[in-house]
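J.: What follows is a protein structure lacking sequence information:
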């Protein structure tokens with residue numbers, strides 16, 4: 001009788017109904033398991049999206065920090081450049097003042113014997129008083145005085 005039980009169970013109307021219910025129940029369980037897997041994969045996808053969003057926000061914050069640091073660095077470099085420009089401008093102005101002062105000292109002093117001889121040689125070479133004054137960096141009046149004096153010396157030495 002036990003050998004025929006499954007066959008008899010399937011052949012009876014109650015057995016057929018129970019077998020159908022069992023098949024439906026197994027199908028329901030299988031479908032439910034498949035839906036859970038799909039939901040869990042959706043949860044993973046949502047979790048991945050959330051993680052990507054968090055990483056993107058962290059990246060944006062880091063970029064903002066870097067932009068801020070870059071801006072601060074640019075301001076520091078600009079301030080340093082402006083400071084150096086101001087120092088260099090002051091140095092150039094001081095050098096210009098020193099040049100003017102030295103030129104005044106050179107021009108205001110007495111002519112040396114070497115400078116007088118140079119004036120006479122340049123005059124004999126055909127240079128005019130203005131050109132000679134420019135070459136030796138003296139006033140034209142000083143050159144003219146030396147030229148007049150050397151002319152007097154030449155005319156006095158020729159008369160003797």
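T.: It's in. All values reported here derive from a predicted model rather than from experimental measurement.

J.: Against residue 68, how distant is residue 58?
T.: Noted for residue 58: a distance of 16 Å to residue 68, by CB to CB, to the nearest Å. Heads up, the C-betas are built off the backbone N, CA and C, glycines and all.

J.: tell me which element residue 73 is part of?
T.: Using DSSP states H and E, residue 73 maps to helix 13-108.

J.: same question but for residue 145, I mixed them up
T.: With DSSP H and E as the criterion, the answer for residue 145 is helix 140-159.

J.: average pLDDT for that helix?
T.: The average pLDDT within helix 140-159 is 72.

J.: What of stretch 34-46?
T.: 67.

J.: now for the helix holding residue 73, which elements pack on it?
T.: In this structure, helix 13-108 makes packing contacts with helix 5-11, judged by 3 or more CB pairs under 8 Å, 6 or more residues apart in numbering; DSSP states H and E.

J.: average pLDDT for the helix it packs on?
T.: On average, helix 5-11 scores 57.

J.: And stretch 67-86, by the same measure?
T.: Stretch 67-86 shows a mean pLDDT of 93.

J.: Quick one: residues in contact with it.
T.: Stretch 67-86 is contacted by no other residue when judged by CB atoms under 8 Å, 6 or more residues apart in numbering.

J.: Give me the residue at the spatial middle of the protein.
T.: residue 74 (7.0 Å; CA atoms, centre = their mean).

J.: quick one: that residue from residue 80, how far?
T.: From residue 74 to residue 80 the distance is 11 Å (CB to CB).

J.: now swap in residue 47 and tell me
T.: 49 Å.

J.: what do you get for residue 15?
T.: On the measure of CB to CB, residue 15 and residue 80 end up 96 Å apart.
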